[in-house]
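[1] Here is a sequence with its predicted model. Questions after.
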Amino acid sequence: MSELDPVIHAQARLRVVASLSALGDGDRIAFPRLQELLAMTAGNLSVHLRKLEDAGYVEISKTHRGRTPATLIRLSRRGRLAFEEYTEAICTLLDPALPKEQL
């Protein structure tokens, strides 16, 4: 049986990774927009992004839009692969309990 990635498995980080995986490969999202989508506090989101960044699953870039600082986030290739492996592991766990057409 496949192991579930403990970095992704935490509920908040799973929500972050799932949201970022919906972006196109290489697309980025601004920190405030991700915070709004996930209804998380800035501090809570920052903590989880740091864990994901430390694991190499997200890439965070700081830039400016005019004079305003902007933090942009994207799922790295490693993060995308880790999320794919995570979803496969979940499906493997559920496989005996559900008919294939429901997965």
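    Right, received. Where do you want to start? Numbering: from 1, shown residues only.
[2] does the nearest residue to residue 56 once chain neighbours are set aside sit in a helix or strand, and which one?
    Leaving out its chain neighbours, the residue that sits closest to residue 56 by C-beta to C-beta, 6 or more residues apart in numbering is residue 78, at 4.7 Å. All C-beta spots, glycine's among them, are computed from the backbone N, C-alpha and C. Secondary-structure assignment from DSSP states H and E places residue 78 in helix 77-94.
[3] Return the list of helices and strands in contact with that helix.
    Under the contact criterion of 3 or more C-beta pairs under 8 Å, 6 or more residues apart in numbering; DSSP states H and E, helix 77-94 touches helix 6-9, helix 11-21.
[4] Just the CA trace of the shortest one, in CSV.
    Provided in CSV are the C-alpha atoms of helix 6-9 (Å, rounded to 0.1, in the frame of the first residue of the first chain):
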residue,chain,number,x,y,z
PRO,A,6,2.5,13.7,5.5
VAL,A,7,3.4,17.1,4.1
ILE,A,8,0.4,17.2,1.9
HIS,A,9,-1.9,15.1,4.2
